[in-house]
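Q: return a 3D structure for these sequence lines:
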Amino acid sequence: MDKREIIEVLHHVYDPDYVNRSIVDMGLVTEDDITVKDNSIDVAYSLTAPMCPFSAAIGLMIKYALEKKLGVAVTVNLKAGHHQTGVVAELLSDPEQSAELMRKLEEFGILERCVRL
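A: As a prediction, this is how the structure comes out:
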């Protein structure tokens, strides 16, 4: 598994506000934002707007897509310096909150619309 393979998967993940351009095409994730370890991946991502309502959802969709397609553990983090970093980190690190948000993404059709594997 290499960064090009990861980027290829992420070309199929879309910001819910911009469903005609992938998060890679928008520059939210680049190869420099990816760290490949033995059997896991770390991804840092940015957002399109300071008050993005989907800040944590984008992270969950990145994690979902990579784990589903590549079958390895994935850790995602909003890039340092964004004012939502702490709140997003808390949500993404809490399994219960993450599961609830993922359930809502599925229920409202956002996951299907934004992760096109």
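Q: the protein: helices as residue ranges?
A: Here the chain has its helices, by DSSP state H, at 3-10, 55-70, 85-93, 95-107, 110-114.
Q: deepest-packed of those helices, please.
A: With neighbours defined as mean count of other CB atoms under 10 Å, these peak in mean count at helix 55-70, which reaches a mean of 21. All C-beta spots, glycine's among them, are computed from the backbone N, C-alpha and C.
Q: okay, it in CSV with CA atoms only?
A: Extracted in CSV, the C-alpha atoms of helix 55-70 (Å, rounded to 0.1, in the frame of the first residue of the first chain):
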residue,chain,number,x,y,z
SER,A,55,-15.9,19.1,9.6
ALA,A,56,-16.0,15.8,11.5
ALA,A,57,-18.2,14.1,8.9
ILE,A,58,-15.5,14.5,6.2
GLY,A,59,-13.0,12.9,8.6
LEU,A,60,-15.4,10.0,9.2
MET,A,61,-15.9,9.5,5.4
ILE,A,62,-12.2,9.5,4.8
LYS,A,63,-11.8,6.8,7.5
TYR,A,64,-14.8,4.8,6.2
ALA,A,65,-13.6,4.8,2.5
LEU,A,66,-10.0,3.8,3.3
GLU,A,67,-10.9,1.1,5.8
LYS,A,68,-13.5,-0.3,3.5
LYS,A,69,-11.4,-0.3,0.3
LEU,A,70,-7.9,-1.1,1.8
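Q: tell me how far that helix lies from the chain's centre.
A: 4 Å (CA atoms, centre = their mean, to the nearest Å).
Q: who touches that helix?
A: For helix 55-70, the surrounding residues in contact (CB atoms under 8 Å, 6 or more residues apart in numbering) are 1, 5-6, 9-10, 12-13, 15-16, 23, 28-29, 41, 43, 45, 47, 52, 72-78, 82, 84, 87-88, 91-92, 98, 101-102, 105, 110-111, 114-115, 117.
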